[in-house]
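*Asks:* Turn this into a structure:
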Amino acid sequence: MMKAIVLSGGFATRLRPISYALPKLLFPVAGKPMIYWTLDLLQESGVDQVVLAVNYLADSLRAVVGQKYKGIRINYSLEDEPLGTGGPIKLAARMLKPKETFIAMNGDIITDIDLNKMIRNHKRSKAVVTDALHEVRDPSRFGVVKLDPAGRIQRFVEKPTLREAPSRLVNAGIYLIEPTMLNMIPSGRKVSLEREIFPILAKRGRLFGFPFKGQWFDIGNLADYRKANFALLRGHAPKRDLQRRGTRFKQPVFLGEQTKTETAATVGPNALVGRNCVIRRGAHVVDSILFDRVTIGERSIVSGAIIASSVLVGKNVRIEPGTIISPNVKISDGIRIGKDAIIHPYKEITANVRPRANVM
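*Replies:* Below is the predicted model of the structure:
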């Protein structure tokens, strides 16, 4: 059986203000927390032990995920301070104690990669590290590689300009690692795999790439988050019976467990609604993502918004596209929230919010 380390820390600054109150890996994606997409992939690939490398809001993540998931034993490796991409692997390996090839991956990616095929390629190549690679249109946000005909990574360029990029194959955030690589990572300080370790392995001819096609979402910001949710809604969200008397559903729609919709409500198209939500009489939710325990009041309209958990929206409220509403917000009756407004956690909104406002 395989072992894995999942990089689960980071402050998720580009997912603020929602991430002030909720760890990134607990953001719901098409019906389940982001981390469960990763754990499901690992479980289906034969992994039986995972160490989650955590720091920011670690207790919240531990409270939800626990010590066991679908037969996978889960441990937690806590960083006292951020250690980059290499440091957490070194630290977590003390708990994992790998004696053979192990997996390390970012927790904020969703993919259908064939890990077993990647493992076979890794063993055949005798690589120290194999890096999963995915082709993208714009590689400037990622680590970009140049491969030789044998699949060795010749160059690894971190976040190049389009002109400087040696290819459109980018680091997909999934690695197969031999335990000997751990000796290359200094202890007790921040270490970048991409800038400090991979270039050395590339010079030695021991860093290989595994290009793959198919699904791959790197959820780095709220635009990525929205894109992943709606793509997965169309293809992967759980199918549930949505025939409810008096409610109009326009597919695609996902409703979480124990969510209620009332007469004359309209949900969809492109609506993901979490668990224990309430959509009141005459309300309309379209092109939006609602986390758990959200209530939308009578005749309120929510269009193109992301609304985090435990938000109460009153009657006759209008929420316009691009709005981000953080957890534990209360919006009074009759309020209009303009396009691209951002509302921070624990706010009570009693007056209209202008477009692009940042309510702190």
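*Asks:* mind giving me the domain split of this protein?
*Replies:* 2-231, 242-359 (automatic domain parsing).
*Asks:* Those: lowest mean pLDDT?
*Replies:* Sorting these by mean pLDDT places domain 2-231 lowest, at a mean of 87.
*Asks:* Over to that one now: how far is its first residue from its last?
*Replies:* 30 Å (Cα to Cα, to the nearest Å).
*Asks:* starting at the chain centroid, how far to it?
*Replies:* Here domain 2-231 is found 12 Å from its chain centre; the criterion is Cα atoms, centre = their mean, to the nearest Å.
*Asks:* which SS class is residue 176?
*Replies:* Under DSSP: H, G, I helix; E, B strand; the rest coil, residue 176 falls in the strand class.
*Asks:* residue contacts, it?
*Replies:* Taking Cβ atoms under 8 Å, 6 or more residues apart in numbering, we find residue 176 in contact with 101, 102, 103, 118, 119, 122, 127, 129, 130, 210. C-betas here are computed from N, CA, C, even on glycine.
*Asks:* and if we set it to 10 Å?
*Replies:* Contact partners of residue 176, counting by Cβ atoms under 10 Å, 6 or more residues apart in numbering, are 2, 101-105, 115, 118-119, 121-123, 125, 127-132, 208, 210.
*Asks:* Next, find the distance separating it from residue 146.
*Replies:* For residue 176, the distance to residue 146 (Cβ to Cβ, to the nearest Å) stands at 20 Å.
*Asks:* same deal with residue 134?
*Replies:* Going from residue 134 to residue 146 by Cβ to Cβ gives 15 Å.
*Asks:* So between those two, which is more surrounded?
*Replies:* For the pair residue 134 and residue 146, the greater number of neighbours falls to residue 134 (24 against 16), based on other Cβ atoms under 10 Å.
*Asks:* Could you double-check that that one lies in contact with residue 167?
*Replies:* No - with contact defined as Cβ atoms under 10 Å, residue 134 does not count as touching residue 167 (11.3 Å).
*Asks:* tell me, what's touching these two both at once?
*Replies:* residue 211.
*Asks:* who touches residue 130 in this structure?
*Replies:* Residue 130 is in contact with 101, 118-119, 121-123, 151, 153, 174-178, 206-210, counting by Cβ under 10 Å, 6+ apart.
*Asks:* Quick one, which of the contacts of residue 176 are buried?
*Replies:* 2, 101-105, 115, 118-119, 121-122, 125, 127-132, 208, 210 (16 or more other Cβ atoms under 10 Å).
*Asks:* So which of the contacts of residue 130 are in helices?
*Replies:* Judged by DSSP state H, the subset of the contacts of residue 130 located in helices is 118, 119, 121, 122, 123.
*Asks:* is the residue lying closest to the second one once chain neighbours are set aside in a bridge, and if so with what?
*Replies:* Distances taken as Cβ to Cβ, 6 or more residues apart in numbering put residue 176 closest to residue 119, at 6.3 Å, once the chain neighbours are dropped. For residue 176, the beta-bridge partners are residue 103, residue 130 (DSSP bridges).
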